[in-house]
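pasting a predicted model and its sequence here:
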Amino acid sequence: MPDGVVAPPRPVTPSTILADELTEICRQLEFAADADPALVDRLRRSRDLAAGMDPYLDVCTTRESPALAELARRTRSADWSTSTAGTGLEQEMLSGHVEGQVLKFLVHLSGATRVLEIGMFTGYSALAMAEALPENGEVLACEMDPEVAHFAQECFEQSEVGRRIAVAVGPASETLERLAAADRQFDLVFIDADKPGYTGYLQQLLDSELLAPGGVIAVDNTLMQGQPWLDDAEVTANGSAIAAFNAALTYDDRIEQVLIPLRDGLTLIRRVDR
Ligand SMILES: C[S@@+](CC[C@H](N)C(=O)[O-])C[C@H]1O[C@@H](n2cnc3c(N)ncnc32)[C@H](O)[C@@H]1O
């Protein structure tokens with residue numbers, strides 16, 4: 001990739017991976033002399049069905065604010081491969097337009113004033129949720145990596161509602177322990193950090209008073225690129241962590257949950273035992 005040219009995001013959701021696969025199969029079939037033209041046509045239609053969905057969701061969803069657009073632009077322009085920030089950071093981590101609008105909607109619907117985010121990255125979802133809060137509302141965003149936290153804070157400073165976001169730098173499990181000890185409570189919690197940590201974060205929330213009565217927990221990447229249900233997929237540590245997390249939810253009588261196939265999967269959880 002020449003200097004200054006930013007690579008487009010990789011496909012990291014089941015629908016974009018499917019669209020990518022179908023595009024490649026169609027491309028190969030176009031060179032196959034003996035391919036059945038009717039079958040190629042059906043494949044093209046399947047490709048268009050898969051590839052067209054996300055752009056259509058984008059145009060049908062309320063536009064993001066200029067501050068969110070600028071934060072997304074800065075995130076895409078940064079070269080994460082040479083960043084001295086924590087290893088494994090990449091532009092694909094950013095939740096983005098449609099999921100950001102869903103999170104804003106959740107804040108409005110739930111009437112939340114106290115939001116906890118576990119895994120902030122460059123701050124797209126934190127800023128989206130802050131935009132939906134009332135003037136006295138707050139997002140407390142946990143982020144392990146000090147450099148990416150600094151990047152996010154610079155973006156928050158340039159936005160109108162950035163003052164509603166407080167950042168806690170360090171391992172989220174330790175931050176949660178401190179918050180629980182300080183009797184803090186949250187109406188909405190968004191979990192989007194290290195996938196092997198998900199089960200622990202949920203237990204910390206359910207074993208403490210951190211989740212306010214009637215509170216909602218939203219959990220990102222619960223489809224994990226299809227790994228939990230694809231037998232032949234190369235299952236990564238994240239894939240098995242999400243498969244175990246999803247399975248554990250179905251046995252937990254304290255909660256009710258629904259997995260929404262938005263991007264890489266968004267699970268909504270509420271307590272039913274209190
Ligand atoms: C998927 S990104 C978050 C994306 C963000 N919510 C958004 O929508 O743009 C995950 C973030 O979690 C952070 N993270 C990973 N492990 C963590 C931990 N143990 N405690 C706190 N943050 C962690 C990573 O540094 C990364 O920035």
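Good, I have the coordinates. Residues are numbered from 1 along each chain as shown.

would you map the strands across the stretch 151-274 of the chain?
Listed from the start of the chain, the stretch 151-274 of the chain has strands (DSSP state E, counting those that start in this stretch) covering 165-169, 186-191, 211-220, 255-260, 266-271.

which of those strands sits most buried?
Across the strands of the stretch 151-274 of the chain, the average number of neighbours (mean count of other Cβ atoms under 10 Å) peaks for strand 186-191, which reaches a mean of 24. From N, CA and C alone the C-beta is placed, and that goes for glycine too.

what packs against that strand?
Taking 3 or more Cβ pairs under 8 Å, 6 or more residues apart in numbering; DSSP states H and E as contact, the helices and strands that strand 186-191 lies on are helix 97-110, strand 114-118, helix 124-132, helix 198-206, strand 211-220.

what is the mean pLDDT for the longest helix anywhere in the chain?
Ranked by number of residues, the top helix in the chain under DSSP state H is helix 37-60. On average, the pLDDT along helix 37-60 is 95.

next, the angle from it to helix 97-110.
Using axes from the mean of the first three to the mean of the last three Cα atoms, to 10 degrees, the interaxial angle of helix 37-60 with respect to helix 97-110 works out to 50 degrees.

just the CA trace of the next helix or strand after helix 37-60, in PDB.
Downstream of helix 37-60, the first helix or strand assigned by DSSP states H and E is helix 66-77. The C-alpha coordinates for helix 66-77 follow below in PDB (Å, rounded to 0.1, in the frame of the first residue of the first chain):
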ATOM      1  CA  PRO A  66     -20.400  15.800  12.000                       C
ATOM      2  CA  ALA A  67     -18.400  15.000  15.200                       C
ATOM      3  CA  LEU A  68     -19.000  11.200  14.800                       C
ATOM      4  CA  ALA A  69     -18.100  11.500  11.000                       C
ATOM      5  CA  GLU A  70     -14.900  13.300  11.900                       C
ATOM      6  CA  LEU A  71     -14.000  10.700  14.600                       C
ATOM      7  CA  ALA A  72     -14.600   7.900  12.100                       C
ATOM      8  CA  ARG A  73     -12.500   9.700   9.500                       C
ATOM      9  CA  ARG A  74      -9.600  10.200  11.900                       C
ATOM     10  CA  THR A  75      -9.800   6.500  12.900                       C
ATOM     11  CA  ARG A  76      -9.700   5.400   9.300                       C
ATOM     12  CA  SER A  77      -6.800   7.700   8.500                       C
END
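
show me what helix 66-77 packs onto, helices and strands only.
If you count contacts as 3+ Cβ pairs under 8 Å, 6+ apart, helix 66-77 packs onto helix 97-110, helix 124-132, helix 146-157.

for the last one, which positions count as buried?
Taking 16 or more other Cβ atoms under 10 Å as the neighbour-count basis, helix 146-157 is seen to contain the buried residues 148-149, 151-153, 155-156.

over to the longest one?
Applying a neighbour-count criterion of 16+ other Cβ under 10 Å, the buried positions in helix 97-110 are 97-104, 106-107, 110.

can you redo the residues you listed as CSV with distance to Arg76?
Output for the buried residues of helix 97-110, formatted as CSV (distance: Cβ to Cβ, whole Å):
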residue, distance to Arg76
His97, 12
Val98, 16
Glu99, 16
Gly100, 15
Gln101, 18
Val102, 20
Leu103, 19
Lys104, 21
Leu106, 25
Val107, 25
Ser110, 30
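
identify the bridge partners of Glu117.
On the basis of DSSP bridges, Glu117 is bridged to Ala141, Phe190.

how about the contacts made by it?
Glu117 makes contact with 125-126, 129, 139-142, 189-190, 192, according to Cβ atoms under 8 Å, 6 or more residues apart in numbering.

top of those by number of neighbours, please.
Using other Cβ atoms under 10 Å as the neighbour criterion, Ala126 leads the contacts of Glu117 with 33 neighbours.

from Leu268, how far out is that residue?
For Ala126, the distance to Leu268 (Cβ to Cβ, to the nearest Å) stands at 18 Å.

same check, this time on Glu135
Counting by Cβ to Cβ, the separation of Glu135 from Leu268 is 26 Å.

follow-up on the earlier one: out of the helices and strands packed on helix 66-77, which gets nearest to the ligand?
helix 124-132 (3.3 Å; Cβ to the nearest ligand atom).

neighbouring contacts of that closest one?
Taking Cβ under 8 Å, 6+ apart as the criterion, the residues outside helix 124-132 that touch it are 64-65, 67-68, 71-72, 75, 94-96, 99-101, 103-108, 115, 117, 120, 137, 139, 141, 152, 155-156, 159, 161-162, 164-165, 188, 190, 192.

I'm done for today, thanks for sticking with me.
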